[in-house]
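Participant: Sequence first, predicted coordinates after that:
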Amino acid sequence: MGGKTEASNRHPRGEPVSHGRSETVVSVDGLTKSYGTGSDTVTAVDQLSFEIEAGTVVGLLGPNGAGKTTTIKMLLGLIQPSDGVARLCGTDVEKSSEMVYRSVAAMLEGARNIYWRLTVRENVRFFARLGDEPADPNRVGRIISQVGLESKADTPVNELSRGMKQKASLACTLVRETPVVFLDEPTLGLDVESSLELRRELRQLVTRDGRTVLLSSHDMQVIEAVCDRVIILNDGEILANDTVENLLDVFHTQTFRITVRGRLSPDVRTELTERFGATRWAEHGDQHRFETTSVRGNEFYALMDVLRESSTTFVSVDTVEPDLEDIFLRIIDDGEV
Ligand SMILES: Nc1ncnc2c1ncn2[C@@H]1O[C@H](COP(=O)(O)OP(=O)(O)OP(=O)(O)O)[C@@H](O)[C@H]1O
């Protein structure tokens, strides 16, 4: 693949973007953070530059240690950059903690942002009061039911399951009605139904309320379902910054999944791997399955000839559409888009 892809204005969900004029709410320029000194220096974030427009959901992705949390903490003004600048709504976060506080609500991993001795309702009410307006009891109740915690509203947080704590933390984040919301692993520990509900709620935050969401998650299904754009980090650098739709287009390759039955000798397997890039091998009983993306035109017939000459019986060939998870792994493996 040649060159890094550019962010586009297309909306992957096919919905009109709710805001008229695009306004940059998060902007990061040359942001760098190094920990330690001398030979022990770790550059967690290295010269990051990106922008996030109002009314979008952006996914911050990367393997463990990629620099996601460090980036979010710098955006929140919780740690000082070694170099570069992070701006929220046009203001350097280091210059105004009050502006950061008014602009962003953040849900950090493990529900660490809420008070575990207070009940869910007490927590949500407390966070609602942190805004300029007095807490509207209807809004408090509505948010609690939106996250599915009505029956636990008067239970102390420390008596809730991990998934429920996560939901309580989310309710406290959403109730503040800030223009920007940062969510770190919001679906961790949620059951399937709650995760689906949360995806709907996140899309509504943007389409209904015009809020801007920066979301860090390892759950590619959630990212693919809710994000307009993704920023993929590895070793503190940006490998891709593009719409989910464009990444799916760029990586749209013809992948064949081939299934054969019978004994597949190590020699044939090696030939399939070396000549035709066979990968993702799987065995089910006497069936062998592999995928290949590198065969073109006549090569496909050559591959079929190899199978015919082996002592296997051809079962099926299917074409496979890559999903965001496949694309993420390819970007991380190849080092760039
Ligand atoms: N306080 C610290 N002191 C020293 N090194 C740190 C510190 N915090 C983070 N790092 C290092 O910086 C790098 C990036 O860490 P960071 O927590 O930002 O990654 P991450 O993408 O959020 O990872 P994860 O998905 O595991 O949460 C890692 O190599 C980590 O070990």
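Facilitator: On my side now, so go ahead. Here the structure is a predicted model, which means the values were calculated and not measured. Numbering: from 1, shown residues only.
Participant: can I assume Val25 is in contact with Val181?
Facilitator: No - with contacts counted by Cβ atoms under 8 Å, Val25 stays clear of Val181, the gap being 10.8 Å. C-beta here means a position set from N, CA and C on the backbone, and glycine is covered the same way.
Participant: Compare those two (neighbour count), which wins?
Facilitator: Applying other Cβ atoms under 10 Å to Val25 and Val181 shows that Val181 carries more neighbours, namely 26 against 22.
Participant: residue boundaries of the helices in the stretch 151-300 of the chain?
Facilitator: Assigned by DSSP state H, counting those that start in this stretch, the helices in the stretch 151-300 of the chain fall at 162-174, 192-207, 220-226, 244-250, 266-276, 298-309.
Participant: Quick check: buried residues in the first one?
Facilitator: If I follow you right, that is helix 162-174. Buried positions in helix 162-174, judged by neighbour count with 16 or more other Cβ atoms under 10 Å: Gly163, Met164, Lys165, Gln166, Lys167, Ala168, Ser169, Leu170, Ala171, Cys172, Thr173, Leu174.
Participant: Who are the packing partners of that helix?
Facilitator: On a contact count with 3 or more Cβ pairs under 8 Å, 6 or more residues apart in numbering; DSSP states H and E, helix 162-174 meets strand 104-107, helix 120-129, helix 137-146, strand 180-184, helix 192-207.
Participant: Buried deepest among the helices of the stretch 151-300 of the chain, which one?
Facilitator: Mean neighbour count (mean count of other Cβ atoms under 10 Å) peaks for helix 162-174 among those, with a mean of 23.
Participant: From the chain's centroid, how far away is that one?
Facilitator: In terms of Cα atoms, centre = their mean, to the nearest Å, the centre of helix 162-174 is set 18 Å apart from its chain centre.
Participant: Residues of the chain that sit close to the ligand?
Facilitator: Residues of the chain lying near the ligand by Cβ under 6 Å from any ligand atom: Tyr35, Gly36, Val42, Ala44, Gly62, Asn64, Gly65, Ala66, Gly67, Lys68, Thr69, Thr70.
Participant: farthest-separated two in those residues?
Facilitator: Between any two of these, the greatest separation by Cβ to Cβ is 20.4 Å, found for Gly36 and Gly62.
Participant: Looking at these two, which one has more neighbours?
Facilitator: Ranked by neighbour count (other Cβ under 10 Å), Gly36 and Gly62 place Gly62 first, with 24 against 10.
Participant: Could the C-alpha coordinates of the helix or strand Asp333 falls within be exported in PDB?
Facilitator: Using DSSP states H and E, the element containing Asp333 is helix 324-334. Only the C-alpha atoms of helix 324-334 are listed here, as PDB (Å, rounded to 0.1, in the frame of the first residue of the first chain):
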ATOM      1  CA  LEU A 324     -12.000  -3.600  10.800                       C
ATOM      2  CA  GLU A 325     -10.300  -6.200  13.000                       C
ATOM      3  CA  ASP A 326      -8.500  -7.700  10.000                       C
ATOM      4  CA  ILE A 327      -7.500  -4.200   8.800                       C
ATOM      5  CA  PHE A 328      -6.300  -3.200  12.200                       C
ATOM      6  CA  LEU A 329      -4.000  -6.300  12.400                       C
ATOM      7  CA  ARG A 330      -2.700  -5.700   8.900                       C
ATOM      8  CA  ILE A 331      -1.900  -2.100   9.700                       C
ATOM      9  CA  ILE A 332      -0.100  -3.000  12.900                       C
ATOM     10  CA  ASP A 333       1.800  -5.800  11.200                       C
ATOM     11  CA  ASP A 334       2.800  -3.800   8.100                       C
END
